[in-house]
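Student: Predicted model follows, preceded by the sequence.
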Amino acid sequence: MVTMTHKKTKTMPKIALYEPDIPQNTAAIARTCSCLGAVLEIIEPCGFLLNDKRFKRVVMDYLDEKLMKIYKSSDEFFEAKKNDRVVLMTTKASKIYTEFKFRYNDTLLFGRESAGVPDEVHKRLENRIKIPMIEKKRSLNLASSVAIVLSENIRQSNIYGSND
């Protein structure tokens, strides 16, 4: 097993989940955020409760509620983000995530596992990127997608500095 350690920075990456509906995926994302020092933002309504046993089984003791923010609606989320850059991850984007110039304070928004985000969210956001995949494949697992893109954001932003 390879492990890397880093000091927390004042400004941390942010992962926002739009109305997540699979507790195990959300828990795996919470663990990833905890380990990589990212803030997890959840836009309700969720398709489960945060005390769901499936959620708790995967998240274990990694849930850091100080690094988690719950928004009661997408309106509340977008009001809070009106001065921030929100980047939508979507299979409908034309730009590939490795060609995108991340900023350390971006909020990376991921849609529901079952339906993505509604058209009004697509229209609202200027920055839309995707992970390239083999033809005729619908999508990666949400937790895998978060890990891939969050890692690229951290790499580009050099948030934790070089280990050299």
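Tutor: Yep, that arrived. Residues are numbered from 1 along each chain as shown.
Student: Please make it C-alpha for all contacts and neighbour counts, starting now.
Tutor: OK.
Student: Please measure how far the first residue of stretch 132-152 sits from its last one.
Tutor: Terminal residues of stretch 132-152 are spaced 14 Å apart (C-alpha to C-alpha, to the nearest Å).
Student: Kindly report the same for stretch 99-106.
Tutor: Stretch 99-106 has an end-to-end distance of 15 Å (criterion: C-alpha to C-alpha).
Student: tell me the mean pLDDT for the helix ranked longest in the chain?
Tutor: If you go by DSSP state H, the chain has its longest helix at helix 142-157. The pLDDT scores in helix 142-157 average 94.
Student: Kindly report the same for stretch 43-61.
Tutor: Per-residue scores along stretch 43-61 average to 70.
Student: ok, back up a step: how about residues contacting the longest helix of the chain?
Tutor: Outside helix 142-157, the residues that touch it by C-alpha atoms under 8 Å, 6 or more residues apart in numbering are 13, 15, 25-26, 28-29, 32, 97-98, 101-104, 108, 110, 113, 131, 160.
Student: of the residues you listed, buried ones?
Tutor: Neighbour counting with 16 or more other C-alpha atoms under 10 Å marks 13, 15, 25-26, 28-29, 32, 97, 102, 104, 108, 110, 113, 131, 160 as buried within the contacts of helix 142-157.
Student: one step back: residues of the longest helix of the chain that come out buried?
Tutor: In helix 142-157, counting by 16+ other C-alpha under 10 Å, buried: 142-143, 145-147, 149-150, 152-154, 157.
Student: Please state the offset of that helix from the chain centre?
Tutor: Centre-to-centre, helix 142-157 and its host chain are 8 Å apart (C-alpha atoms, centre = their mean, to the nearest Å).
Student: Kindly confirm whether my reading is correct that residue 45 touches residue 17.
Tutor: No: contact criterion C-alpha atoms under 8 Å: residue 45 and residue 17 do not qualify, at 10.5 Å.
Student: between those two, which one's more packed in?
Tutor: residue 17 (26 against 16; other C-alpha atoms under 10 Å).
Student: list the contacts for the more buried one?
Tutor: By C-alpha under 8 Å, 6+ apart, the residues touching residue 17 are 40-43, 109-112.
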